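Enquirer: just to be clear, the model below is a prediction. Sequence and coordinates:
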Amino acid sequence: MFEVREKPQMVERALLVRLYFDPREADESEALLEELEELVRTLGIGVVDKLLAKSRSMHKKFLCGTGKAAEIVELARAHECDCIVFDNQLAPSQQREWERAADMCVIDREEVILDIFAQRAKTREARLQVDLARMQYALPRLARMWGHLDREGGGGSGGSAAARGMGEKQIEVDRRMARVRIDRAKRELEDVRKQRATQRHAREKLETPHAAIVGYTNAGKSTLLNRLAGADVLSKDMLFATLDTTTRSIELPDGQPLLLTDTVGFVRNLPHRLVEAFKATLEEAVLADFLIHVLDASSPEIERFHDTTLEVLEELGAGEKKSLVVLNKIDLVTDPEQLELIQRRFPDALHASALTGLGMERILSECSHLLADRVSRIRYRIPQSRADLVGLLHRDAKILSTDYEGNDVLVHAVVPPAIAGRLEEFVSQ
Ligand SMILES: Nc1nc2c(ncn2[C@@H]2O[C@H](COP(=O)(O)OP(=O)(O)OP(=O)(O)O)[C@@H](O)[C@H]2O)c(=O)[nH]1
Ligand SMILES: [Mg+2]
């Protein structure tokens, strides 16, 4: 049976490696290596050492030269590691070469992220998306999995060749099964997407404005949604706490409703196939009226987080969307110099703390401003016989006042365009 390996149960001691080739990449490489450490710990794997290594040029076999490769293997052995994790992307053949040379499990950033996603995915849609991405990742690497088996099975003389022969046949069987499963997952996803589209159409009919909360992982998106909507979305100090979108309805100060969607966090070098896989989920961001871009103001990496989020949004086709930038976790920024620095860099951003509630009113009133052209305040004179229309206003508009005059109801309300169109003949001067 074709199974994707689960590493957390298998490996415990990891050496992390980031190779870079251009001296100008040194700083970012260091930050990426630290982020990789957090990602690996998220998987429950112990990190025994980290190595930032500069290589003069890119090599086909190991990515770095054989000399450097030997040093890395030596270091991993000295630490008694059972796994080397590369921040760099490894081609399937490079991964095989490394595993052969080190005789231990060798994985890359993409595989780490895929594993985290696999652990976290809860809904059927998220599971399908992750399964699909993992199978696509594993397909060209099947030979590697069976390579392990060959070594284990091939004890005596001759046995090895027989086992290898079996392994090869098995790879073919597995490849076929993997393709069947990939096709099936694609079809199922298609169905789920159709359902989602139907739900969205129903929402669009009501024309309720919609905002998506986006940003780097751990920025505080779920906490913000919880704070604004009184929702109960898991928020945790870990990477990728959220994999499924949650939508909640809130009421803005001017009375109009707003749908708020929490989305999956972005990360640098997010594997391309995961962006692909999560496109359906992130469609919410693409289709939203505007975005709330949450930044962790306390992070020294705020600039890079900001840029990565913009890059992913660009890739999704949502780069041009109106957005409200929120400097979250401002409660943690106690150094006045640092505060001034981020203020200068993000002059239009709103200061907030989803944890303490600071700045929430401002966010809501800015949301109202962004949607100002979408609603109007209208006075109606509706005959009492048309209680259905008064009911409609109660349901889909915000009633500011109600009076009675003779047989008429006088209603002053904040009204979205869809409703305004249906009540046109009852507008009073
Ligand atoms: N001090 C402080 N901590 C915050 C604030 N907002 C969120 N946090 C904490 O930051 C961590 C991450 O918050 P989440 O809301 O899970 O972040 P997220 O952006 O949804 O993260 P992912 O779902 O992983 O992308 C949690 O431990 C929160 O309690 C804030 O304004 N101030
Ligand atoms: Mg979240």
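Expert: Noted; the coordinates are in hand. Keep in mind that this is a model prediction, so the values were computed, not measured. Ligands and ions are numbered 1, 2, ... in the order given.
Enquirer: got a pLDDT number for Thr245?
Expert: pLDDT recorded at Thr245 is 68.
Enquirer: now swap in Val409 and tell me
Expert: Val409 is given a pLDDT of 93.
Enquirer: am I right that it is in a helix?
Expert: No - read with DSSP: H, G, I helix; E, B strand; the rest coil, Val409 is strand and lies in no helix.
Enquirer: mind listing what it touches?
Expert: Val409 makes contact with Tyr380, Arg381, Ile382, Pro383, Gln384, Val390, Thr402, Asp403, according to Cβ atoms under 8 Å, 6 or more residues apart in numbering. Quick note: C-beta positions are derived from backbone N, CA and C, even for glycine.
Enquirer: relative to ligand 2, how far out is the nearest residue to Leu358 once chain neighbours are set aside?
Expert: Counting by Cβ to Cβ, 6 or more residues apart in numbering, Ala352 is the residue found nearest to Leu358 once chain neighbours are left out, at 6.0 Å. Going from Ala352 to ligand 2 by Cβ to the ion, to the nearest Å gives 16 Å.
Enquirer: same question for Leu90.
Expert: Relative to ligand 2, and taking Cβ to the ion, Leu90 is found at 29 Å.
Enquirer: next up, phi/psi of the closest residue to that residue other than its chain neighbours, please.
Expert: Spatially, and ignoring its direct neighbours in sequence, Leu90 is nearest to Asp108 (4.4 Å; Cβ to Cβ, 6+ apart). The phi/psi pair for Asp108 (degrees, to the nearest 10) reads phi -120, psi 180.
Enquirer: next: Val85.
Expert: phi -110, psi 120.
Enquirer: quick one: it and Asp108 touch, right?
Expert: Yes - counting by Cβ atoms under 8 Å, Val85 touches Asp108, with 7.2 Å between them.
Enquirer: can you name the residue of the stretch 1-150 of the chain nearest ligand 2?
Expert: Closest to ligand 2 within the stretch 1-150 of the chain is Arg120: 10.2 Å, counting by Cβ to the ion.
Enquirer: now do that residue, the pLDDT please.
Expert: Predicted confidence (pLDDT) for Arg120: 75.
Enquirer: could you do Gly158 as well?
Expert: pLDDT, read off for Gly158, is 41.
Enquirer: do Gly421 as well
Expert: 82.
Enquirer: okay, and it sits in which element?
Expert: Element membership of Gly421, judged by DSSP states H and E, is helix 417-422.
Enquirer: wasn't Cys367 part of a strand?
Expert: No - under three-state DSSP, Cys367 falls outside any strand and is assigned helix.
Enquirer: from ligand 1, how far out is it?
Expert: As judged by Cβ to the nearest ligand atom, to the nearest Å, Cys367 and ligand 1 stand 18 Å apart.
Enquirer: ok, that residue touching Ala211?
Expert: Yes - Cys367 is in contact with Ala211 according to Cβ under 8 Å; the separation is 6.4 Å.
Enquirer: report the buried residues of stretch 182-195.
Expert: For stretch 182-195, a neighbour-count test (16 or more other Cβ atoms under 10 Å) marks Ile182, Ala185, Glu188, Leu189, Val192, Arg193 as buried.
Enquirer: coming back round to it: of the contacts of Val409, which belong to helices?
Expert: Of the contacts of Val409, the ones assigned to helices by DSSP state H are Val390.
Enquirer: can you give me the strands for the protein?
Expert: Under the criterion DSSP state E, the chain contains strands at 13-20, 46-54, 83-86, 105-108, 210-215, 246-251, 257-262, 290-296, 323-328, 350-351, 376-383, 398-405, 408-415.
Enquirer: who's in contact with the first one?
Expert: To tie it back to what came earlier, the one meant is strand 13-20. By Cβ under 8 Å, 6+ apart, strand 13-20 touches 26, 29-30, 32-33, 36-37, 40, 45-55, 63-64, 68, 72, 75-76, 79-88.
Enquirer: who touches both of Cys367 and Ala211?
Expert: Any residue near both Cys367 and Ala211 by Cβ under 8 Å, 6+ apart counts here, and that gives Leu258, Phe290, Ile292, Leu324.
Enquirer: dump the residues you listed to TSV, plus pLDDT and distance to ligand 2.
Expert: What follows is those, written out as TSV (pLDDT from 0 to 100; distance: Cβ to the ion, whole Å):
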residue	pLDDT	distance to ligand 2
Leu258	89	19
Phe290	93	19
Ile292	96	13
Leu324	96	18
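Enquirer: find the closest residue to ligand 1 in the stretch 251-400 of the chain.
Expert: Here the stretch 251-400 of the chain gets closest to ligand 1 at one residue, Gly265, 2.3 Å apart by Cβ to the nearest ligand atom.
Enquirer: doesn't Ile213 make contact with that residue?
Expert: No - between Gly265 and Ile213 there is no contact under Cβ under 8 Å: 10.1 Å.
Enquirer: more neighbours, these two?
Expert: More crowded of Gly265 and Ile213, by other Cβ atoms under 10 Å: Ile213, with 27 against 24.
Enquirer: still on that earlier bit, what touches both of Gly265 and Ile213?
Expert: Lys221.
Enquirer: please tell me how far Tyr216 sits from ligand 1.
Expert: Distance, Tyr216 to ligand 1, by Cβ to the nearest ligand atom: 7 Å.
Enquirer: how much space between that residue and Ile419?
Expert: 38 Å (Cβ to Cβ, to the nearest Å).
Enquirer: comparing those two, which shows the higher neighbour count?
Expert: A count of neighbours by other Cβ under 10 Å puts Tyr216 above the other of Tyr216 and Ile419, at 26 against 20.
Enquirer: tell me the one of the buried residues of stretch 182-195 nearest Ser222?
Expert: Of all the buried residues of stretch 182-195, Val192 has the smallest distance to Ser222: 22.1 Å, by Cβ to Cβ.
Enquirer: can you report how many residues lie near the residue nearest to that closest one when sequence neighbours are not counted?
Expert: Among residues not flanking Val192 along the chain, Glu125 sits closest, at 4.7 Å (Cβ to Cβ, 6+ apart). Neighbour count for Glu125, taken as other Cβ under 10 Å: 22.
Enquirer: what's the answer for the one 4 residues further on, then?
Expert: A count of nearby residues for Gln129, using other Cβ under 10 Å, gives 27.
Enquirer: likewise the one 4 residues further on?
Expert: Burial measure for Ala133: 24 neighbouring residues, criterion other Cβ under 10 Å.
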